[in-house]
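1. The amino acid sequence is not available; the structure is as follows:
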């Protein structure tokens with residue numbers, strides 16, 4: 001599919017065959033299907049980024065059947081700006097398509113000064129979602145997450161806030177992110193008792209970051225909770241982007257907050273080069289193989305990708321064409337990563 005190059009001054013005309021480009025999976029024990037590739041707006045949608053590029057990315061994503069756009073209160077920079085820019089694009093291009101979209105947001109990290117702008121209190125979560133809805137120009141989000149565990153607020157209060165938000169009509173479903181297996185089970189039981197089941201968990205997960213395999217995926221399956229993996233490419237490490245150094249326009253050079261270049265050691269690069277060779281042998285890019293490796297597990301409902309160019313979305317979606325692995329390929333991956 002060609003990148004959507006419609007004049008941004010003209011009304012957006014979505015690709016009529018968009019749903020033929022995408023596969024969907026049922027999210028846990030719910031009635032909701034998610035596209036197997038979802039788009040995260042963590043990067044490249046802040047006020048310091050190119051608005052036209054962000055708009056092209058969103059248009060292209062929807063044209064490829066990516067119906068799920070994932071945000072958070074503090075995405076930017078500055079905080080809130082990704083939601084503001086998404087709201088501008090939504091009003092221009094997607095308002096008439098609202099019922100075809102899944103829009104999610106989150107709260108849990110620091111957002112404003114003082115004791116009420118962080119973590120998991122009812123005051124913070126309710127206020128944050130009110131602000132997010134205003135920034136995006138929405139009446140509700142489809143999914144609202146608690147973005148990270150709060151060690152100092154009772155889990156009953158945090159889950160009670162999520163239940164309240166659904167009852168207020170501000171979110172259709174709720175989820176959690178980065179919770180341990182034990183805390184996920186506790187949160188799920190509290191929400192079930194309140195009558196608002198936990199729909200989904202958003203963990204960091206990639207071939208190089210496997211903590212979810214130590215009980216979390218089993219817990220989610222037994223609780224009937226879906227899973228959407230973020231950072232599937234390890235902030236670009238699981239691509240061919242850094243095989244020959246760090247390009248000047250790369251995020252690693254522009255913003256070291258999200259990728260510590262000092263951690264990309266010769267040993268790590270050697271592993272990535274071997275993985276890249278295996279991907280080529282499979283007829284895929286390394287990024288495609290990394291996404292396919294996640295999607296081979298049916299407990300993963302969707303993989304959340306972030307892109308800086310619309311062209312990368314087609315590459316990501318093409319990973320769905322070849323997500324079966326032979327036993328020898330899986331064994332080789334484990335040998336490389338050992």
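-> Yep, that arrived. Given the structure is predicted, the values throughout are model-derived calculations rather than measurements.

2. residue ranges of the helices in the stretch 51-200 of the chain, please?
-> Using DSSP state H, counting those that start in this stretch, the helices of the stretch 51-200 of the chain run over residues 51-63, 81-89, 122-136, 155-167, 181-194.

3. Redo those helices as TSV? Include mean pLDDT and distance to residue 273.
-> Every C-beta, even on glycine, is put in place using the N, C-alpha and C of the backbone. As requested, the helices of the stretch 51-200 of the chain are exported to TSV (pLDDT from 0 to 100; distance: least, CB to CB, whole Å):
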stretch	mean pLDDT	distance to residue 273
helix 51-63	97	29
helix 81-89	98	33
helix 122-136	98	41
helix 155-167	98	43
helix 181-194	98	34
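
4. what about the ones you listed, which gets the closest to residue 104?
-> Closest approach to residue 104 among the helices of the stretch 51-200 of the chain is made by helix 122-136 (10.1 Å; CB to CB).

5. So which elements touch that closest one?
-> helix 81-89, strand 102-107, strand 141-146, helix 155-167 (3 or more CB pairs under 8 Å, 6 or more residues apart in numbering; DSSP states H and E).

6. and it with strand 141-146, angle?
-> With axes from the mean of the first three to the mean of the last three CA atoms, to 10 degrees defining the directions, helix 122-136 sits at 140 degrees from strand 141-146.

7. where are the low-confidence patches of this structure?
-> 1-9, 245-260 (pLDDT under 70).

8. Closest to the centroid, which residue in it?
-> residue 304 (3.3 Å; CA atoms, centre = their mean).

9. quick one: it and residue 154, what's the gap?
-> For residue 304, the distance to residue 154 (CB to CB, to the nearest Å) stands at 29 Å.

10. Assign the residue nearest to the centre of the chain to helix, strand or coil.
-> strand (DSSP: H, G, I helix; E, B strand; the rest coil).

11. Contacts only, for it.
-> Residue 304 makes contacts with 38, 39, 40, 70, 202, 228, 229, 230, 232, as judged by CB atoms under 8 Å, 6 or more residues apart in numbering.

12. could you redo the last one with a cut-off of 6 Å?
-> The contact partners of residue 304, by CB atoms under 6 Å, 6 or more residues apart in numbering, come to 38, 40, 70, 228, 230.

13. Just the buried ones from those residues, in ChimeraX syntax?
-> Selection of buried members from the contacts of residue 304 for ChimeraX, criterion 16 or more other CB atoms under 10 Å:
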select :38,40,70,228,230
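
14. would you turn the contacts of residue 304 into CSV with distance to residue 210 and secondary structure?
-> Compiled in CSV, the contacts of residue 304 are given as follows (distance: CB to CB, whole Å; DSSP: H, G, I helix; E, B strand; the rest coil):
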residue, distance to residue 210, secondary structure
38, 21, strand
40, 20, strand
70, 22, strand
228, 16, strand
230, 14, strand
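
15. what about the residue lying closest to residue 63 once chain neighbours are set aside, neighbour count?
-> Leaving aside its chain neighbours, residue 63 sits nearest to residue 15 (3.8 Å; criterion: CB to CB, 6 or more residues apart in numbering). By other CB atoms under 10 Å, the residues close to residue 15 number 17.

16. Was I right to think residue 15 contacts residue 62?
-> No. Between residue 15 and residue 62 there is no contact under CB atoms under 6 Å: 7.8 Å.
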